[in-house]
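Q: Have a look; sequence and predicted model below, questions after that.
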Amino acid sequence: MLKFPGEKCLISVRLCFPQFTFNNPISSVRCGLATNGQEFFLPLELHTRLGSLGIGLESGPNFHLHAPNEWDYGVAVGHSMGKLELIGKIHGTAFEHFRHDDLIFNVGLRYHIREGYMLLLAVGRSIHDDDTTRVRRSSYVRLQTIF
């Protein structure tokens, strides 16, 4: 944690918060909902609080087993209300040595079920991608376990 002199604002820096993702190789990939194989995301994260708002920045490489690697980045702003947190996020993915990118805006929530378990819900749409003829929409439901 970093504290600025004379300020109550703290910045938390996580040098690495590795995330391993595996997708259902049968139905999700066949339907075009997920990429085939596993992903390993290794982001640098910065977090701070300004009043009742939490602000987070993240950036880092996302390694894919059966697809080209990517660089992901984003900024999120959230507001906590007990076990529920409302979040707005702009997330980008850079492909092919930063020659192509995709930028998405999401709104969602996190619900803290109990210690170590969190429900995540989000909906979003593309702001910019290299294929400007279509607008991409996304949604997800995820149960996150932390141990």
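A: Yep, that arrived.
Q: tell me what the lengthiest strand in the chain is packed against?
A: Assignment by DSSP state E gives strand 100-114 as the longest strand of the chain. Contact here means 3 or more C-beta pairs under 8 Å, 6 or more residues apart in numbering; DSSP states H and E; on that basis strand 100-114 packs against strand 84-95, strand 117-129. Heads up, the C-betas are built off the backbone N, CA and C, glycines and all.
Q: Pull the residues that contact it.
A: Residues outside strand 100-114 that contact it (C-beta atoms under 8 Å, 6 or more residues apart in numbering): 78, 83-95, 118-130, 136, 138.
Q: Now the buried members of these.
A: Judged by neighbour count, with 16 or more other C-beta atoms under 10 Å as the criterion, the buried members of the contacts of strand 100-114 are 78, 85, 87, 89, 91-95, 118, 122, 124, 126, 129.
Q: now for the residues you listed, which pair is the farthest apart?
A: For the buried ones among the contacts of strand 100-114, the maximum inter-member distance is 30.0 Å, found between Glu85 and Phe95 (C-beta to C-beta).
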